[in-house]
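[1] Make a model of this:
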Amino acid sequence: MELEQYQHFLVLAQTLHYGQAAQNLGVSASALTRSIQKIESTLGHALFIRDKRSVRLSQAGHVFRAHALEASKGWAELKDHLAQENDSPTGDLKIFCSVTACYSVLPDLLAPFRRAYPGVQIHLQTGDAADAMSKVLDGVADLTITAVPDQLPSRCVFNSILKTPRVFIHSANDPDAALYREGQALDWSKIPMVLPERGLARERIDECFAALGIRPKIYAEVSGHEAILAMVNLGFGVGVVPALVLEKSPYHNTLSILPSPKFSKPLAPYDVGLCMLKRDMSRSPLKQFWDLVLTLGR
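    Numbers count the residues shown, from 1 in each chain. Now for the predicted structure:
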């Protein structure tokens with residue numbers, strides 16, 4: 001079986017969505033379907049259960065997923081072993097991060113890494129920051145730039161790069177913008193909110209409002225901080241984003257920061273850094289990238 005087929009299967013097993021998996025892999029949906037069908041034909045078992053509404057792993061699919069992960073790991077270890085015979089490491093480096101991290105954090109890391117290790121091929125995938133940890137845990141990405149969760153998985157290691165506070169933002173297009181500017185005491189239970197639908201960001205804001213006994217009025221739940229910025233800019237409500245996201249946004253001149261509610265438990269800043277599996281820390285070219293981050297952080 002070809003390595004590419006394993007990769008196709010693993011990405012689909014992680015997304016459980018043919019269109020999204022095909023986009024992540026850079027292939028057409030029909031090509032992905034043919035690849036999966038070829039594996040199923042070889043094995044004589046269906047790996048996915050499909051209906052009009054969903055895709056999920058079959059029992060055989062769960063078994064094959066463990067095999068595919070081991071096969072991919074073995075291939076990576078073989079490449080690492082061969083790379084160690086060279087003066088400069090080669091191979092692939094798969095990175096996942098949000099769009100904001102892509103243009104605000106990664107350039108300072110990728111530029112010197114590329115100069116030092118030109119033989120390494122970098123594969124960059126962007127998406128919702130809420131998916132960052134699962135991408136690494138599922139083997140879809142080698143490493144990610146993300147905010148450290150409250151409970152870091154035991155299989156992972158994290159190296160802090162920067163810290164950024166979280167801010168409440170609104171737009172001049174908001175019908176209540178004048179009220180916000182007057183500095184009056186705000187009833188946060190009545191303010192329309194644009195919040196992330198899931199992930200660390202949502203968990204923390206829910207905890208803070210709950211501590212005040214407030215149930216926020218949610219106008220919209222979206223994926224990604226960039227979507228929050230866009231909706232707030234249109235005047236749909238107040239959002240909460242890391243300050244770094246606002247600073248690097250095309251809307252930074254049209255959005256304003258609101259004083260945050262008087263939370264009994266302050267809204268913790270984001271500790272943004274590099275996250276990867278512990279088992280990969282000695283594997284090239286991940287080791288070189290990790291060491292570079294450590295060097296730049298000194």
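[2] how long is stretch 151-166 end to end?
    19 Å (Cα to Cα, to the nearest Å).
[3] What are the buried residues along that stretch?
    Within stretch 151-166, the residues scored as buried using 16 or more other Cβ atoms under 10 Å are 156-158, 161, 164, 166. Where C-beta positions appear, they are placed from N, C-alpha and C, glycine not excepted.
[4] Now for those: which two are most distant?
    Farthest-apart pair in those is 157 and 166; separation 24.4 Å (Cβ to Cβ).
[5] residues contacting residue 255?
    With contacts defined as Cβ atoms under 8 Å, 6 or more residues apart in numbering, residue 255 is in contact with 169-171, 229, 232-233, 246, 249.
[6] Give me the subset of the residues you listed that lies in helices.
    When DSSP state H is applied, these are split such that 229, 232-233, 246 fall in helices.
[7] who wins for neighbours among those residues?
    Among these, residue 232 has the most neighbours (other Cβ atoms under 10 Å), with 30 neighbours.
[8] Next, give me the two most distant ones among the ones in helices among the contacts of residue 255.
    The span of the ones in helices among the contacts of residue 255, defined through Cβ to Cβ, is set by 233 and 246 at 10.8 Å.
[9] Could I get the full set of strands for this protein?
    Using DSSP state E, the strands of the chain run over 48-50, 55-57, 91-97, 120-126, 143-147, 156-164, 166-171, 192-196, 217-222, 238-242, 255-258, 270-277.
[10] would you list these in CSV and tack on distance to residue 11?
    Converted to CSV, the strands of the chain look like this (distance: least, Cβ to Cβ, whole Å):
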stretch, distance to residue 11
strand 48-50, 12
strand 55-57, 12
strand 91-97, 11
strand 120-126, 10
strand 143-147, 15
strand 156-164, 20
strand 166-171, 31
strand 192-196, 23
strand 217-222, 24
strand 238-242, 28
strand 255-258, 35
strand 270-277, 17
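[11] Which elements pack onto the least confident helix or strand in the chain by mean pLDDT?
    Least confident helix or strand, the chain: helix 177-181 with a mean of 71, by mean pLDDT, DSSP states H and E. Applying 3 or more Cβ pairs under 8 Å, 6 or more residues apart in numbering; DSSP states H and E, one finds that helix 177-181 contacts strand 166-171, strand 255-258.
[12] Give the partner strands of the shortest one in its sheet and their orientations.
    Counting by DSSP bridges, the strands paired with strand 255-258 are strand 166-171 (antiparallel).
[13] contacting residues around residue 268?
    166, 204.
[14] quick one: low-confidence parts of the chain?
    For the chain, the stretches flagged by pLDDT under 70 are 1, 76-89, 181-184, 297-298.
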